[in-house]
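[1] Sequence below, structure please.
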Amino acid sequence: MKLRSATSEFFCFIESPIIAYMKYYAVIVAGGSGNRMQSHQPKQFLELTGVPILMHTLDAFYNCDLNIEIILVLPSDHVNTWKALIAKHQFDTPHRIAEGGATRYDSVKNGLDQINGNGIVAIHDGARPLVTSDVIHRTVDEAQKSGSGIAAVQVKDSIRQMVNGQNKSVDRSKFYAVQTPQTFDVQLIKKAFAASKSNLFTDDATVAEASGVKVVLVEGRYDNIKITTPEDLVVAEKILELRNKNA
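    Model (predicted):
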């Protein structure tokens, strides 16, 4: 599937009267543990350049020029920790909190339930703090055109498929690594979640696809990494350092 890339047409389009009245939302899902980070603290609360990972993530959406309303989905037993971190870091980025569920699917659904009316919603991993405005814009633009816009990048490594204990080479040019944000028309994705017969889906595009929504991939970024292991944290710090140098 060919990725849709950014065009100058989009940046003119967002200034039109129609888009001026569009409502934008971000549902940030932050229910991770610290197991693979070898930490007793949930990974989204670990510090990246002196600030909790999750604060970087929320700021990425707040600083995007779309006036996005942020809904943060947290496990109930993480809320007090988050509030303490807000006070410690004097974090004032506007957001509201929704309670997480037993699975990622349930957590996203709880976040979507906080949205009334129409609009565009970007669903994003709390532990993916390096998302940039250009990626957010691309997913939003495509969701406005076709109902969905899913950030993805072509696979770099050679890959092999395992079938019945045997492996074979496959053409990597046909495969994409899916990222977030995964952005949708609000009503389309809410209907998809309401119609789903399983809560075991691990990403939102799959939920949408199961209900008949066409999934459209757009160009992500290789540095839009999800922090899962200690090595990811080191890489993320280096990416931010390079961005600051080039700013």
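
[2] When you work out contacts or count neighbours from here on, use the C-alpha atoms and nothing else.
    Noted.

[3] Sticking with the nearest residue to Met162 once chain neighbours are set aside, tell me its helix or strand.
    Distances taken as CA to CA, 6 or more residues apart in numbering place Lys168 nearest to Met162, at 6.6 Å, with adjacent residues excluded. With secondary structure defined by DSSP states H and E, Lys168 is part of strand 166-169.

[4] Report the mean per-residue pLDDT for the particular helix or strand that has Thr183 in it.
    Mapping Thr183 onto the secondary structure by DSSP H and E places it in strand 176-185. Here the mean pLDDT over strand 176-185 is 98, rounded to a whole number.

[5] buried ones in that strand?
    Of all the residues in strand 176-185, those buried under the rule 16 or more other CA atoms under 10 Å are 176, 178-185.

[6] For the residues you listed, please prepare JSON lines with the additional fields distance to Ser107.
    Formatted as JSON lines, the entries for the buried residues of strand 176-185 read as follows, by distance: CA to CA, whole Å:
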{"residue": "Tyr176", "distance to Ser107": "25"}
{"residue": "Val178", "distance to Ser107": "19"}
{"residue": "Gln179", "distance to Ser107": "18"}
{"residue": "Thr180", "distance to Ser107": "15"}
{"residue": "Pro181", "distance to Ser107": "15"}
{"residue": "Gln182", "distance to Ser107": "15"}
{"residue": "Thr183", "distance to Ser107": "16"}
{"residue": "Phe184", "distance to Ser107": "17"}
{"residue": "Asp185", "distance to Ser107": "18"}
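
[7] with those in mind, which one is nearest to Arg128?
    Proximity to Arg128 was ranked across the buried residues of strand 176-185 by CA to CA; first place goes to Thr180, at 7.8 Å.

[8] Give me the spatial nearest neighbour of the closest one, chain neighbours excluded.
    Spatial nearest neighbour of Thr180, excluding adjacent residues (CA to CA, 6+ apart): His124 at 5.1 Å.

[9] What distance do you get for that neighbour to Ala205?
    As judged by CA to CA, to the nearest Å, His124 and Ala205 stand 12 Å apart.

[10] which residues are in contact with both of those two?
    Residues touching both His124 and Ala205 by CA atoms under 8 Å, 6 or more residues apart in numbering: Gln182.

[11] could I have stretch 42-56 exported to PDB, CA atoms only?
    Written as PDB, here are the backbone C-alpha positions of stretch 42-56 (Å, rounded to 0.1, in the frame of the first residue of the first chain):
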ATOM      1  CA  PRO A  42       5.300   2.800  34.800                       C
ATOM      2  CA  LYS A  43       7.300   3.600  31.700                       C
ATOM      3  CA  GLN A  44       5.300   6.700  30.800                       C
ATOM      4  CA  PHE A  45       6.300   8.300  34.000                       C
ATOM      5  CA  LEU A  46      10.100   7.800  33.500                       C
ATOM      6  CA  GLU A  47      12.000  10.900  32.800                       C
ATOM      7  CA  LEU A  48      13.200  11.900  29.300                       C
ATOM      8  CA  THR A  49      15.600  14.800  29.400                       C
ATOM      9  CA  GLY A  50      14.400  15.600  32.900                       C
ATOM     10  CA  VAL A  51      10.700  15.500  32.100                       C
ATOM     11  CA  PRO A  52       8.300  12.500  32.300                       C
ATOM     12  CA  ILE A  53       7.800  10.800  28.900                       C
ATOM     13  CA  LEU A  54       4.100  11.400  29.000                       C
ATOM     14  CA  MET A  55       4.500  15.200  29.400                       C
ATOM     15  CA  HIS A  56       6.500  15.200  26.100                       C
END
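
[12] hmm, which helix or strand of this structure has the shakiest average pLDDT?
    Here the helix or strand of the chain ranked lowest by mean pLDDT, DSSP states H and E is helix 8-13, holding a mean of 32.
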